[in-house]
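> Okay, sequence plus prediction incoming.
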Amino acid sequence: MRDFIARRVLDVPPSGIRRFFDIAATMDDVISLGIGEPDFVTPEPILEAGIQSLRDGETGYTSNAGVLELRQAVSTHLERMYGVSYDPETEVLITVGVSEALHLALSAVVNPGDEVILHTPTFVSYQPEVIFAGGIPVAIQTKTEDAFQLMADDVLPKINTKTKALLLGYPNNPTGAVMTRKNMLALSELAEQHDLLVLSDEIYDQLVYGGHKHVCFASLPGMRERTITLGGFSKSYAMTGWRIGYAAAPAPILAALAKIHQYTIMSAPTPSQAAALQALQTGEEHVQSMVAEYDRRRQLLVSGLNELGLSTFEPLGAFYAFPSIDATGMDDETFAERLLIEESVAVVPGNAFCTEGNFVRCCYAASYEKLEQALERLQNFMQRHG
């Protein structure tokens, strides 16, 4: 039979996360520190807004770009939080999660052979999405000593005539790293000097700790006109299953995203848009409550991992810890598999995120009690293997 599958699709391996989840699904009493998903139920007012939308018969399409009131709310939110302003009619697009927004952005701006510089460790979708868009991902490995921040000095040698864009994901999945304003400004200077577009995935923008203040890349001097800001509701508002996000960009760029969106998606789910609007209007107290609890869990997990000899730098964003497992003498795949089989604790090998070195991702979006149990099981594991 003739091979009908496109070569660029065949060349991308399946997600490295899934194998361990498939094993865990066959086991009892597994504590999962694997899935990057809030364990909170969507806050009640947001939940009710989506339900009321259904009761009101709002089960049809909206405009391609999304409900205007929601786009206005997104614009107001970005201006209030970060001082960057977008025209809700021409510069904001409501999408099916940030995943669609990323796909649209890369599809809209990448020509065959264009290079997109990105940092690793990174979210599993970034490099495949560049490839699916016809581009070439150029990965730069970030380092523990730089707190997993992408440094301008490492980016500069990778820029050439084929370089089209810089793809950033901070606060970072899987490391929990954040970017300082100083280092972001250095990257913005490179973008200006070399005429690069910047795709900034800021889905975890409100999940920051330890006094850190998130810097929206588009808010930096001169960056609004060359930045596509990707954001959403899944993480901060515990709305992963609602599949609702947005892209914000200058009108000519946003129009290109909207063109692809209207032919492939039509519009984001209508009840989800109603829920997202409610989230922006009244969800702040719920976000702050969840952030406070994540911070409590963060401190428990990071201190616990360090005490067990699994060296872990302090993550200041998202809800992940990224410990080194060098003390065990195992590689990340072996560590994750043996921990799952022997102690029924699921973590994700660092190589799923294109990581050099031996790390695993531990998500602290599990309950405090589950994290305590997981640390007890890890202690048993380390007594045998540490």
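Received, thanks. Residues are numbered from 1 along each chain as shown.
> number of nearby residues for the nearest residue to residue 60 once chain neighbours are set aside?
Spatial nearest neighbour of residue 60, excluding adjacent residues (CB to CB, 6 or more residues apart in numbering): residue 270 at 6.6 Å. In this view, the C-beta of every residue, glycine as well, is placed from N, C-alpha and C. Per other CB atoms under 10 Å, the neighbour tally for residue 270 reads 18.
> can you start the count at 27 instead of 1 from here on
Got it, first residue is 27 now, which makes that one residue 296.
> Do I have it right that residue 296 meets residue 92?
No - counting by CB atoms under 8 Å, residue 296 does not reach residue 92; the two are 9.5 Å apart.
> Give me the local confidence score for residue 97.
Looking at residue 97, its pLDDT is 98.
> Spit out the contact partners of it.
Residues in contact with residue 97 (CB atoms under 8 Å, 6 or more residues apart in numbering) are 91, 114, 115, 118, 119, 120, 272.
> after the helix or strand hosting it, next one along is what?
Assigned by DSSP states H and E, residue 97 belongs to helix 94-108. Using DSSP H and E, the next helix or strand after helix 94-108 towards the C-terminus is strand 118-121.
> What pairs with that following strand, parallel or antiparallel?
strand 271-274 (antiparallel) (DSSP bridges).
> who touches whatever helix or strand comes next after the strand it pairs with?
Next along the chain after strand 271-274, taking DSSP H and E as the criterion, comes helix 277-290. Contact with helix 277-290 is made by 90-91, 113, 116-119, 121, 126-127, 130-131, 133-135, 223, 254, 273-275, as judged by CB under 8 Å, 6+ apart.
> rewinding a little: can the contacts of residue 97 go into TSV with extra columns for pLDDT and neighbour count?
Below are these laid out as TSV (pLDDT from 0 to 100; neighbours: other CB atoms under 10 Å):
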residue	pLDDT	neighbour count
91	98	25
114	98	19
115	98	12
118	98	25
119	98	26
120	98	30
272	98	29
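> and of the residues you listed, the nearest to residue 57?
Among the contacts of residue 97, residue 272 lies closest to residue 57 (CB to CB), at 33.6 Å.
> and the closest one, what are its bridge partners?
Taking DSSP bridges as the rule, residue 272 bridges to residue 120, residue 257.
> Surely it and residue 126 touch.
No - look at residue 272 against residue 126 with CB under 8 Å: they stay out of range, at 9.9 Å.
> Need the residues touching each of the two.
With CB under 8 Å, 6+ apart, residue 272 and residue 126 have no common neighbours.
> Quick one: the helices in the stretch 77-226 of the chain, in order.
Secondary structure of the stretch 77-226 of the chain (DSSP state H, counting those that start in this stretch): helices at 94-108, 123-135, 152-158, 178-181, 207-219.
> Same list (those) but as a markdown table, adding distance to residue 235.
Converted to a markdown table, those look like this (distance: least, CB to CB, whole Å):
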| stretch | distance to residue 235 |
| --- | --- |
| helix 94-108 | 17 |
| helix 123-135 | 21 |
| helix 152-158 | 24 |
| helix 178-181 | 25 |
| helix 207-219 | 17 |
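> Most tightly packed of these?
Stretch with highest mean neighbour count among these: helix 123-135 (a mean of 24; mean count of other CB atoms under 10 Å).
> Which secondary structure elements does the lengthiest helix in the chain sit against?
With secondary structure taken from DSSP state H, the chain has its longest helix at helix 310-333. With contacts taken as 3 or more CB pairs under 8 Å, 6 or more residues apart in numbering; DSSP states H and E, helix 310-333 sits against strand 346-347, helix 394-411.
> Could you list the domains of the chain?
Under the assignment automatic domain parsing, the domains of the chain span 33-68+311-411, 86-308.
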